[in-house]
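Colleague: the following block contains a protein sequence and its predicted model.
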Amino acid sequence: MCIFSACKKEGEIVAYPDFGRLAVSGSAPVGSKPLLIQIDGQLQDSMVVGSTGGVNKNMIIQSGKRKLSILSHENKLLIDTVLNFTVGQVNTLPVFLYTGSSLLFDDPSSKPSTAGNVLFRFVNNSSTLPDLMNIEIVLIYTQSGARKIVSIDKKLTGITRDKFSGYLELAPLTSLTPAGATGATYLIIGTNSATGEVVMNVDPVPASTNNTYTTLRYTLATTSTTFVPNAVVSLGIGDPASASTKIRASKAIFARIAN
């Protein structure tokens with residue numbers, strides 16, 4: 001006698017579902033509530049934010065095309081996508097940053113149009129900056145004892161907290177610096193999009209060699225300013241060290257060398 005509805009007739013093969021795997025990793029502000037994972041509209045699991053802000057999750061998912069959704073703890077949809085899960089295969093999402101309101105993903109495919117250049121894009125990670133800001137990258141160097149700030153026509157408008165900007169491509173410093181100049185580096189100047197007010201890094205006395213600046217962090221290391229050819233860097237603009245300064249750190253959220 002068959003008690004359960006799943007019983008099969010004698011000799012009939014019972015078919016069990018196949019499963020693939022999902023791997024998700026990223027970071028979030030320390031203390032953030034867990035993020036939620038839905039598959040085909042059904043809650044499957046949560047991703048707890050670790051003590052250092054790390055987020056990692058590995059799951060088995062029934063094979064086939066599945067709609068993956070990631071939501072905030074308050075059920076705000078952050079991203080959804082359709083993935084095909086196959087037995088023995090792992091679907092790995094690009095590394096993400098959760099800002100507290102949106103998910104920002106690494107870009108694994110973009111590369112400089114000219115080999116040896118670098119690509120940068122930006123996101124606003126500071127609650128003390130305007131909702132919309134503009135960025136200009138300028139060149140600074142010292143020549144004949146004077147510090148010079150030179151425009152190189154590298155500008156972005158509408159930097160927000162919810163998504164990365166488009167990319168700026170920068171050439172090696174040596175290709176832009178005049179003979180005899182020293183201490184060349186790229187700097188970030190940020191302005192309020194609505195008012196034009198400088199809100200990030202401007203030197204009030206350009207000829208001085210004693211003022212500090214918001215230098216562009218442009219390598220695979222979080223705080224390094226060494227130029228690395230073919231780097232592709234996603235930068236977050238953070239809070240200043242104190243309320244009295246406009247010098248802000250630019251931190252590499254994602255960074256890689258383009259193939």
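Modeller: Looks like it arrived, so ask away. Numbers count the residues shown, from 1 in each chain.

Colleague: by contact count, what packs against the worst-scoring helix or strand of the chain on mean pLDDT?
Modeller: Least confident helix or strand of the chain, by mean pLDDT, DSSP states H and E, is strand 248-257 with a mean of 80. Applying 3 or more Cβ pairs under 8 Å, 6 or more residues apart in numbering; DSSP states H and E, we find strand 248-257 packed against strand 231-240. For glycine as for every other residue, the C-beta is placed from the backbone atoms N, C-alpha and C.

Colleague: and with 10 Å instead?
Modeller: strand 19-27, strand 96-98, strand 103-105, strand 118-124, strand 182-192, strand 198-200, strand 231-240 (3 or more Cβ pairs under 10 Å, 6 or more residues apart in numbering; DSSP states H and E).

Colleague: those: which one's closest to G64?
Modeller: Proximity to G64 (Cβ to Cβ) singles out strand 19-27 among the helices and strands packed on strand 248-257, at 8.7 Å.

Colleague: would you mark the buried spots in stretch 184-200?
Modeller: Judged by neighbour count (16 or more other Cβ atoms under 10 Å), stretch 184-200 contains these buried residues: 184-193, 199-200.

Colleague: should've said stretch 227-242
Modeller: 227, 230-237, 240.

Colleague: got any ranges where the stretch 101-250 of the chain has weak pLDDT?
Modeller: Residue ranges of the stretch 101-250 of the chain with pLDDT under 70: 202-226, 249.

Colleague: roughly how far apart are P17 and P240?
Modeller: 53 Å (Cβ to Cβ, to the nearest Å).

Colleague: please state the offset of stretch 247-259 from the chain centre?
Modeller: 8 Å (Cα atoms, centre = their mean, to the nearest Å).

Colleague: repeat that for stretch 65-77.
Modeller: Using Cα atoms, centre = their mean, the offset of stretch 65-77 from its chain centre is 20 Å.

Colleague: what's the burial count for M59?
Modeller: Neighbourhood size, M59 [other Cβ atoms under 10 Å]: 17.

Colleague: dump the residue contacts of it.
Modeller: Neighbour list for M59: 19-24, 37, 39, 44-45, 47, 68, 91 [criterion: Cβ atoms under 10 Å, 6 or more residues apart in numbering].
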